[in-house]
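Novice: sequence unavailable; structure follows:
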């Protein structure tokens, strides 16, 4: 998925699609463009489009641009069924000053993202958009999220899959994250590497 300007979003309609890759490879941008396509080209009722935004707020760490929510790229996405939550998603590796703080960040994110997923399952819609699935996968079940995806008519989501976000602390987090994302890549037919 190198040429991002000439994408035919119609081929993702009625399908399950995952884009994955490094930071700054336009994963959230693509996801936002698909929401725009659903609203403006397909004229889907906004309340039929559920957005589960697990990404941290847009921030800069050294030379890395981290996070960013769908509405940062397409502000009309606020018309959709956005699952609001209390608290803040934390970039776990970048905000941790110790191993215990890293684990605390992961637990805090899991509490928020699992609640959002459960709220969606109680009040589902035909179209499901998930931004930054890897945040949930740090502690969450790969099978549970796949089951959730396969219950909808159309899914489009993205996930971090790279090496640029590192922790100072020895951890199995990155290995575990990559294994879980690999599981999704193998089980979601339309999976595209963004770089």
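Specialist: Great, that's in hand. All of these numbers come straight from a predicted model, not from anything done at the bench.
Novice: look up how far residue 42 lies from residue 140.
Specialist: Remark: distance between residue 140 and residue 42 (C-beta to C-beta, to the nearest Å) = 30 Å. C-beta coordinates here come from the backbone N, C-alpha and C atoms, glycine included.
Novice: looking at these two, which one has more neighbours?
Specialist: Each of residue 140 and residue 42 has its neighbours counted (other C-beta atoms under 10 Å); residue 140 has more, 19 against 13.
Novice: surely the more buried one touches residue 112?
Specialist: No: applying C-beta atoms under 8 Å as the test, residue 140 and residue 112 come out as separate, 10.9 Å apart.
Novice: just after the top helix by length along the chain, pick out the following helix or strand.
Specialist: As assigned by DSSP state H, the longest helix anywhere in the chain is helix 99-122. Note on helix 99-122: by DSSP states H and E, the next helix or strand toward the C-terminus is strand 127-131.
Novice: I'd like to know the average pLDDT value across that following strand.
Specialist: Per-region confidence: strand 127-131 scores 98 on mean pLDDT.
Novice: hmm, who's touching the following helix or strand past it?
Specialist: Remark: after strand 127-131, the chain's next helix or strand is helix 133-137, criterion DSSP H and E. Applying C-beta atoms under 8 Å, 6 or more residues apart in numbering, the contact partners of helix 133-137 are 18, 54-56, 89, 92, 109-110, 113-114, 117, 145, 157-161, 177, 180-181, 184.
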